[in-house]
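Student: Provided below are the primary sequence and the corresponding predicted coordinates.
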Amino acid sequence: MLTGTPITDSTEDFYESMELLGVKKGDEEKYVSYLKSSFCEIDYMGSDIDGFGWRVETVPLPEDFVSPYKMSVETSGGESFYTKAIQVVLSSHVKQDLAIARVTQAMKKDDGSRFFIYCNRLGKDGIDYISEEIDRITGKKPCIITSRIGRSLTVDDINKARVIVGSLASNEGISINGLKQVHIITPHWNISQTRQAIGRGTRFKVGEKSLPIEVYCYAAYHEKVEPDPMYSIDLYEYKKSFDKDRASRQLLDKFTSLLPSGGKDQVEPQVVDMFEDLMYYGELGIAGSSKEKLESLVDTFAMAEN
């Protein structure tokens, strides 16, 4: 039985589940081996930038794309501004090409190392481009994990491939052993999603002497490196996601400080679940069901303070 839920933190919960299979309390040691996965070290590559949670690999935009990028920033309004700026950056292929070059160069060593490239964009500027280029350069087709692949993908497909290219569909339920490098082409507005992508290859440590996994989080820019959409939509997206994560964690600290000495244990479990859901997805204050949850959370604050 494999599980990625918090049940792995409690052997008692696990054994209770085993009782459903006929394993009686006290006999579990005859049948059960309990293992908790350990995590590989992560070595973030690139530059340190103030206010960021980790190093980022900055890549200058090609000269031909600077003018279109500036135009997309200066002429677009509302949400379309972000969409157009991101599209211009992806259409330059500057991030994809650098990731492909690093992967294909490392593959020449033929030491069995494996590589994961995350890109939440399909088509000619995203996963299709990356996959076709790797196949063209190395003669080896990468394993592709996207929602359009669906259930046709097997564990063997993943285990046999030296290069795995995945979209948001690869973020949960998939662990990739033996990775040497992880490449993040597209950041996410919620840092939890980026962490999920990185976590595909860091879940299992192979021996005590295993080297840290190299993680490249790419950010294209022009003129100067600054987390501002005028110069880099990627750095701006990373900065926003880090800020949201920091704010949600500060709210968690406030939340727990207002509770009785027992902390979370003295609060209704559904209230804790509600808050952690908001923190995990970074949806604090966003419309819809999250807004209703936040309003309930404010009521909880008020009751705790009273």
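Tutor: Okay, I see it.
Student: every contact and neighbour count from this point should use C-alpha atoms.
Tutor: Noted.
Student: show me where the stretch 101-250 of the chain has its helices.
Tutor: 127-138, 155-160, 191-199, 233-257 (DSSP state H, counting those that start in this stretch).
Student: could you dump those to a markdown table with mean neighbour count, distance to Met107 and mean pLDDT?
Tutor: Shown next, in a markdown table, are the helices of the stretch 101-250 of the chain (neighbours: other CA atoms under 10 Å; distance: least, CA to CA, whole Å; pLDDT from 0 to 100):
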| stretch | mean neighbour count | distance to Met107 | mean pLDDT |
| --- | --- | --- | --- |
| helix 127-138 | 17 | 8 | 95 |
| helix 155-160 | 13 | 14 | 78 |
| helix 191-199 | 20 | 20 | 86 |
| helix 233-257 | 19 | 27 | 81 |
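Student: which stretch among those comes nearest Ile184?
Tutor: helix 191-199 (7.7 Å; CA to CA).
Student: what is that closest one packed up against?
Tutor: strand 179-184, helix 233-257, helix 269-281 (3 or more CA pairs under 8 Å, 6 or more residues apart in numbering; DSSP states H and E).
Student: kindly reformat the helices of the stretch 101-250 of the chain as a markdown table containing distance to Leu211.
Tutor: Listed next are those as a markdown table, based on distance: least, CA to CA, whole Å:
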| stretch | distance to Leu211 |
| --- | --- |
| helix 127-138 | 25 |
| helix 155-160 | 20 |
| helix 191-199 | 16 |
| helix 233-257 | 26 |
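Student: which strand or helix spans Tyr69?
Tutor: helix 63-75 (DSSP states H and E).
Student: where in the stretch 101-250 of the chain is pLDDT low?
Tutor: For the stretch 101-250 of the chain, the stretches flagged by pLDDT under 70 are 148-153, 171-173, 202-210.
Student: if we use 90, what do you get?
Tutor: In the predicted model, the stretch 101-250 of the chain carries pLDDT under 90 at residues 108-113, 145-161, 166-179, 188-212, 223-226, 241-250.
Student: follow-up on the earlier one: which of the helices of the stretch 101-250 of the chain sits closest to Lys24?
Tutor: Closest approach to Lys24 among the helices of the stretch 101-250 of the chain (CA to CA): helix 155-160, 32.2 Å.
Student: so which residues make contact with that closest one?
Tutor: For helix 155-160, the external contacting residues (CA atoms under 8 Å, 6 or more residues apart in numbering) are 143, 164, 176-177.
Student: same question for stretch 67-82.
Tutor: With contacts defined as CA under 8 Å, 6+ apart, stretch 67-82 is touched by 84-85, 88-89, 229-230, 233.
Student: same question, stretch 167-179
Tutor: Contacts of stretch 167-179 with the rest of the structure, by CA under 8 Å, 6+ apart, involve 4, 113-116, 118-122, 127, 145-147, 158-159, 193, 196-197, 199-204, 206, 213.
Student: if we can go back for a sec, could you point out which element follows the helix holding Tyr69?
Tutor: Later in the chain than helix 63-75, the nearest helix or strand by DSSP H and E is helix 79-92.
Student: could I get the buried residue list for that following helix?
Tutor: Within helix 79-92, the residues that qualify as buried are 81-82, 84-86, 88-90, 92, counting by 16 or more other CA atoms under 10 Å.
Student: C-alpha coordinates for it, CSV please?
Tutor: Presented in CSV, the C-alpha positions along helix 79-92 are these (Å, rounded to 0.1, in the frame of the first residue of the first chain):
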residue,chain,number,x,y,z
GLU,A,79,-5.1,40.0,-17.4
SER,A,80,-4.2,40.0,-21.1
PHE,A,81,-1.0,41.9,-20.2
TYR,A,82,0.4,38.8,-18.3
THR,A,83,-0.8,36.4,-21.0
LYS,A,84,0.8,38.3,-23.8
ALA,A,85,4.1,39.0,-22.0
ILE,A,86,4.4,35.3,-21.0
GLN,A,87,3.7,34.2,-24.6
VAL,A,88,6.3,36.5,-26.1
VAL,A,89,8.9,35.1,-23.7
LEU,A,90,8.0,31.5,-24.5
SER,A,91,7.9,32.2,-28.2
SER,A,92,11.6,33.2,-28.0
